[in-house]
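Visitor: I'd like to go over a predicted model; first the sequence, then the structure.
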Amino acid sequence: MRIAVTGSIATDYLMTFQGRFADQLLPDQLHRLSLSFLADDLDRRRGGVAANIAYGMAQLGLTPLLVGAVGADWTDYQAWLDRAGVDTTGVHVSDLLHTARFFCTTDVDQCQIATFYPGAMSEARDIELAPIAARAGGLDLVVVSPNDPEAMVRHTTEAKAAGIPFVADPSQQLSSLDGPGIERLVVGARFLITNDYEAALIESKTGWTSDDVLSRVETRVTTLGAKGCVVERKGESAIEVPVVPEERKADPTGVGDAFRAGFLSAQAWGLGLERSAQVGTLLATYVLETVGTQEYAVVADPFLARLASAYGEEAAADVGPHLPV
């Protein structure tokens with residue numbers, strides 16, 4: 001299966017605050033909020049939703065086609081992704097702007113406050129999928145993850161027009177979208193993937209009920225943090241998948257991206273929805289245990305051992321033949 005992953009490519013600046021954001025917020029003073037948090041450390045890492053998803057898929061043996069916009073400063077990042085097995089030929093390099101930047105602070109409860117500077121990502125709206133698909137010999141799935149909003153609409157529209165199944169993954173951009181904007185990105189999706197807060201936001205902004213959403217997409221996947229995830233299809237029983245227990249909590253940044261990478265990789269292997277969610281949940285745990293969104297490596301035997309421990313030997317037997325040796 002040839003999968004194009006469209007979306008942000010960024011450099012992450014990750015900081016930790018040894019306190020709780022909630023303790024610093026005064027409900028009656030939020031209208032004049034002015035706070036500064038003293039961070040204990042600063043890590044500079046490779047990131048961006050599309051790049052994180054593509055990296056995770058490559059770790060599982062796929063060769064995803066990354067589609068996004070960057071600055072000329074991305075040379076080292078490109079080399080990293082190329083070595084990992086990501087196809088970066090679909091990336092547009094801006095002549096004027098720097099690669100996007102993501103600044104994120106995490107507290108002791110794993111809550112986060114972040115700021116995103118789009119930079120070259122604003123030029124993603126100029127990327128046309130048809131020539132990229134032609135060079136790739138066709139596309140079987142297009143992932144539309146957070147990006148320049150116009151780019152997200154363009155890539156969704158192009159995928160629909162070409163009859164290519166697509167994944168609606170609006171996540172962080174939901175805050176900047178209205179109901180009609182969300183509708184353009186969601187209706188007709190093969191998969192709609194969000195976390196539980198984003199799922200509620202979609203329903204609030206569109207006025208849809210949960211059943212309305214299920215009638216507009218083929219499959220709805222909702223991650224629930226420490227409660228795992230749920231996979232829903234109209235007229236079918238929901239599939240609930242618990243998390244894989246973590247060995248340590250290092251940083252939650254990129255956990256959702258890793259889930260998507262694992263879920264979609266297992267779908268590409270031809271596995272069912274439950275097994276796909278299990279692979280995604282395990283890969284998400286890998287990211288939770290590391291600082292940085294692309295600092296983990298999948299080694300078959302330990303990966304399968306953890307999968308078997310969490311979901312049984314049958315799960316490991318189903319996944320094993322698809323992992324790179």
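Guide: Structure received.
Visitor: all contacts plus neighbour counts: C-alpha atoms, from now on.
Guide: Will do.
Visitor: Tell me how many other residues surround residue 248.
Guide: By other C-alpha atoms under 10 Å, the residues close to residue 248 number 11.
Visitor: per-residue confidence at the closest residue to it other than its chain neighbours?
Guide: The shortest distance from residue 248 to any non-neighbouring residue, by C-alpha to C-alpha, 6 or more residues apart in numbering, is to residue 289 (5.4 Å). On pLDDT, residue 289 comes in at 95.
Visitor: surely residue 289 meets residue 244?
Guide: No: using C-alpha atoms under 8 Å, residue 289 is not in contact with residue 244; the gap is 11.4 Å.
Visitor: Name the residue in these two with the higher neighbour count.
Guide: Remark: of residue 289 and residue 244, residue 244 carries more neighbours, 23 against 18, as counted by other C-alpha under 10 Å.
Visitor: where do the helices sit along the stretch 101-250 of the chain?
Guide: For the stretch 101-250 of the chain, applying DSSP state H, counting those that start in this stretch gives helices covering 129-136, 149-162, 179-186, 196-206, 210-216.
Visitor: Residue 227: which of those is closest?
Guide: helix 196-206 (10.4 Å; C-alpha to C-alpha).
Visitor: Kindly export the closest one (C-alpha atoms) in PDB.
Guide: Provided in PDB are the C-alpha atoms of helix 196-206 (Å, rounded to 0.1, in the frame of the first residue of the first chain):
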ATOM      1  CA  ASP A 196     -11.500  12.500  22.900                       C
ATOM      2  CA  TYR A 197     -11.400  16.300  23.400                       C
ATOM      3  CA  GLU A 198     -11.100  16.900  19.600                       C
ATOM      4  CA  ALA A 199     -14.000  14.500  19.000                       C
ATOM      5  CA  ALA A 200     -16.100  16.600  21.300                       C
ATOM      6  CA  LEU A 201     -14.900  19.800  19.600                       C
ATOM      7  CA  ILE A 202     -15.900  18.400  16.200                       C
ATOM      8  CA  GLU A 203     -19.400  17.700  17.500                       C
ATOM      9  CA  SER A 204     -19.700  21.100  19.200                       C
ATOM     10  CA  LYS A 205     -18.600  23.100  16.200                       C
ATOM     11  CA  THR A 206     -20.600  21.200  13.600                       C
END
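Visitor: what sits up against that helix?
Guide: With contact meaning C-alpha atoms under 8 Å, 6 or more residues apart in numbering, helix 196-206 is reached by 171, 174, 178-180, 182-183, 208-210, 213, 222-224.
Visitor: Check which residues of it are buried.
Guide: With burial defined by 16 or more other C-alpha atoms under 10 Å, the residues of helix 196-206 counted as buried are 196, 198, 199, 201, 202, 203, 205, 206.
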